[in-house]
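*Asks:* Need a 3D model of the following:
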Amino acid sequence: MRRAAAAALIAFCLAAGTPAAAHPLSFPDEATVGAREEAAAPTSLVVPVEVLHILERAAAASPWALELDREEALADSRHRAQMAALTTSTGWRATVQARQEGDSAKDGVAGAFQWVVRYPIGRSELAWSIGPGVANRWRDGKTDTAPVVSLTARHPFGQGPDVRRDRIDHERAEAALRHQREWNRFVEDVLDAYGKAAVADAALEAAQWRLRLAEAVWQETKARADQGEASSLALYEARQGWMDAQSAWEDAVLARDEARRALSLLLGGVHGWEEQGDLEGHAGADSPEALAALRLDGVYPEAMGREDWLSLARSQRLEEALADEAVRLAEAELESARRRRGWSGEWTVGATYPDPDSFPGTAKRRPNFRVGAQFQLPLNDPAGAEAVVQAELQLEEARAEQAQAARLVENEVESAFQRAERALARLARAQREQERAAWALEVAEANVAAGLATERAMLEAKVMWAMAEQRVVAARYEVIRYVTALWHAAGGQATW
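*Replies:* Modelled structure (predicted):
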């Protein structure tokens, strides 16, 4: 089941160059950051297309997503079944009655096949039925037929307010909220798993360059040792460095494979990233073909600070409204429990045609009317006393949750805001370091081409660039995950 509210992803760009005031997280300006490094805040988020594809696949095929869909369908079915018990019902009813009273004129057997309609009105109920009836008198074997009609109204009193429908709707709303939380958690897990896989790819690339550099250092040291210009200790250390780099590369391969298996397992184990050479849409790719924007419902283009996010959460999150409704329902149920310990009963009004005393019988068929009342006053009712105690405890629990609801939402938004803010700052720093590493690599390549530096200098610059790229990849997916969590905390919904 594909839902537009499946995931919440915020719109930021991973490109720099916009004033801090335009940042949706409302970054502090340079006057307030003091010793912080200068940072141009991102303004819109773009992510690899493959991430969007993975989210679509997760929604369609992941066993976890399918389980969430089944739980949602089960909650819907349970809600419909509970509401059906409180709504109009219809059906067929067959009855057979035999009489042996010693009155040969009335003794016999009668039966009816009726269409029955029950219409609840709160705790009261109106029921009517109609259908053909057949009777046989034993004295002479005479068979008689007549339409059988009945009408009954019941009205209980002393039961307290009827909130059964409201309680069923409230439980369904709570189930929907739990489902949304579980779905949000699943989306964040998918993003986290994909981010770890992408970071593992970048780490493997950095390990490959470090291995090439270590091999070049060892070969250079070996050549110098053959000429007597390097000691045996230097040769040993160079070879040990190459072996350590080899082990690090092997560890990186293992980490890459484990990250891909974890992602594949999360998505149902049917996508086979273990066999792919590279993750499509690697976070380091900046071409328009490899990037796509994530769209949010209700995100405003102006800056949004901490208070703005809190205000958005208060307007979109349902926890406080559900907590208030839970208190109201608990109060009504406590009143009902207390009333049932006093006078209670039921009024009944009904009419039947024909009167069972005249069918079968020799007398003329006639209708039957009845009015009745039932009164009840429990004197020793342990079950009723415990019902009151349970209702009081449920009310206390509902009030405690009501008092905590607002604070829990605020704490969640505050925490998510701080994590997203720090992630964006780390991304800005990582991008600046990547730019420096890219510039150093260009210089090293130019020097090597001009014969002003050795290949080792170029490999060193390449290692620095690969390590900077790894940090950018890690920071970028950290931003995606934490900003997603922030949007979830604000109660937002998104499509992609």
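*Asks:* element containing Val349?
*Replies:* strand 344-353 (DSSP states H and E).
*Asks:* For the protein, identify the residue most remote from the centre.
*Replies:* Asp140 (72.8 Å; C-alpha atoms, centre = their mean).
*Asks:* Contacts for stretch 121-138, please.
*Replies:* 93, 104-119, 142-156, 159, 162, 354, 359-361 (C-beta atoms under 8 Å, 6 or more residues apart in numbering). In short, each C-beta sits where N, CA and C put it, glycine included.
*Asks:* Counting neighbours, show which residues of that stretch come out buried.
*Replies:* 123, 126-129, 131, 133-135, 137 (16 or more other C-beta atoms under 10 Å).
*Asks:* For Ala75, state which of those is nearest.
*Replies:* Ala75 has its nearest neighbour among the buried residues of stretch 121-138 in Arg123, at 25.6 Å by C-beta to C-beta.
*Asks:* and the gap between Ala146 and Ala489?
*Replies:* Remark: distance between Ala146 and Ala489 (C-beta to C-beta, to the nearest Å) = 69 Å.
*Asks:* So which of those two has more stuff around it?
*Replies:* A direct count of neighbours by other C-beta atoms under 10 Å for Ala146 and Ala489 places Ala489 higher, at 26 against 17.
*Asks:* pretty sure that one is touching Leu408, no?
*Replies:* No - the criterion here is C-beta atoms under 8 Å, and Ala489 misses it with Leu408 at 10.4 Å.
*Asks:* Look up the closest residue to Arg224, ignoring the ones flanking it.
*Replies:* Computed as C-beta to C-beta, 6 or more residues apart in numbering, the closest residue to Arg224 that is not its neighbour in sequence is Ala230, at 3.8 Å.
*Asks:* Would you indicate which residues of the helix or strand Gln97 falls within are buried?
*Replies:* Here Gln97 sits within strand 89-99, counting by DSSP H and E. Neighbour counts over strand 89-99 (16+ other C-beta under 10 Å) mark Arg99 as buried.
*Asks:* I'd like the numbering to begin with 6 instead of 1 from here.
*Replies:* Sure thing, new numbering starts at 6, so read that last one as strand 94-104.
*Asks:* Let me know the angle separating the helix or strand that that strand is followed by from strand 94-104.
*Replies:* Next helix or strand after strand 94-104 toward the C-terminus (DSSP H and E): strand 113-126. When axes from the mean of the first three to the mean of the last three C-alpha atoms, to 10 degrees is applied, the directions of strand 113-126 and strand 94-104 differ by 150 degrees.
*Asks:* mind checking how far strand 113-126 is from the chain centre?
*Replies:* Strand 113-126 sits 47 Å away from the centroid of its parent chain (C-alpha atoms, centre = their mean, to the nearest Å).
*Asks:* Take it, keep the C-alpha atoms, and write them as PDB.
*Replies:* Taking C-alpha atoms only, strand 113-126 is exported to PDB below (Å, rounded to 0.1, in the frame of the first residue of the first chain):
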ATOM      1  CA  GLY A 113     -50.100 -27.200  18.300                       C
ATOM      2  CA  VAL A 114     -47.000 -26.000  16.600                       C
ATOM      3  CA  ALA A 115     -46.300 -22.600  14.900                       C
ATOM      4  CA  GLY A 116     -43.300 -21.300  13.000                       C
ATOM      5  CA  ALA A 117     -42.200 -18.100  11.200                       C
ATOM      6  CA  PHE A 118     -39.500 -17.000   8.800                       C
ATOM      7  CA  GLN A 119     -38.900 -13.300   9.300                       C
ATOM      8  CA  TRP A 120     -36.700 -10.400   8.000                       C
ATOM      9  CA  VAL A 121     -35.200  -8.700  11.100                       C
ATOM     10  CA  VAL A 122     -33.900  -5.100  11.300                       C
ATOM     11  CA  ARG A 123     -32.100  -3.800  14.500                       C
ATOM     12  CA  TYR A 124     -31.500  -0.100  14.700                       C
ATOM     13  CA  PRO A 125     -29.300   1.100  17.600                       C
ATOM     14  CA  ILE A 126     -29.800   4.600  18.900                       C
END
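*Asks:* any idea which helix or strand carries Asp329?
*Replies:* If you go by DSSP H and E, Asp329 is part of helix 324-344.
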